[in-house]
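Student: return a 3D structure for these sequence lines:
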Amino acid sequence: MPVTGVTAGLVRVPEPERTAGDLEARPRPAWRLPRNRVGPPGGPVHSFEGRYLDIVPDQRIAFAYDMHLDDTRRSVSLATVELRPARAGTRLIFTEQAAFLDGYNDLAGLEEGTRAGLDDLDAELRREPARA
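Tutor: Modelled structure (predicted):
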């Protein structure tokens, strides 16, 4: 997919918050990432809470997020997604700085979750028709 339009595929502003031209504006405090909670029945619950910090359409998305295990915050991260034109479409560069808290250290789990999310994004963008 060409760079144009990729930002809209990555950023989903909740409908009640959406107005015309939302992606042309800087994020507002209400621009939260969808909260995600997963875990096996009766087991630990992993939750993700984040917020957009900067959006430049078709160039950059910066966001921060917290990861919790049950009710305990285990890590905080700052991530940037850069989009650059490439011969075959768009090159996505993902950079993340993570701080693990209170002795918790699960870099392998962080990498696995990030990889799964990027794989899901790739599959979703391949399903959507190219936007001009």
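
Student: chain center to the lengthiest strand in the chain: distance?
Tutor: Within the chain, and with DSSP state E defining each element, the longest strand by residue count is strand 72-86. Strand 72-86 sits 7 Å away from the centroid of its parent chain (C-alpha atoms, centre = their mean, to the nearest Å).

Student: got the buried residues for it?
Tutor: Using 16 or more other C-beta atoms under 10 Å as the test for burial, strand 72-86 gives 74-75, 77, 79, 81, 83. The C-beta positions use only the backbone N, C-alpha and C, and glycine is treated the same way.

Student: partners of that strand in the sheet?
Tutor: Sheet pairing of strand 72-86 (DSSP bridges) gives strand 60-69 (antiparallel), strand 89-100 (antiparallel).

Student: quick one: contacts of that strand?
Tutor: 2-3, 6-7, 10, 53, 58-68, 90-102, 104, 106, 110 (C-beta atoms under 8 Å, 6 or more residues apart in numbering).

Student: highest average neighbour count across the strands paired with strand 72-86?
Tutor: Of the strands paired with strand 72-86, the one with the most neighbours on average (mean count of other C-beta atoms under 10 Å) is strand 60-69, at a mean of 18.

Student: so for that one, mean pLDDT?
Tutor: pLDDT averaged over strand 60-69 equals 92, rounded to a whole number.

Student: cool, thanks, talk later.
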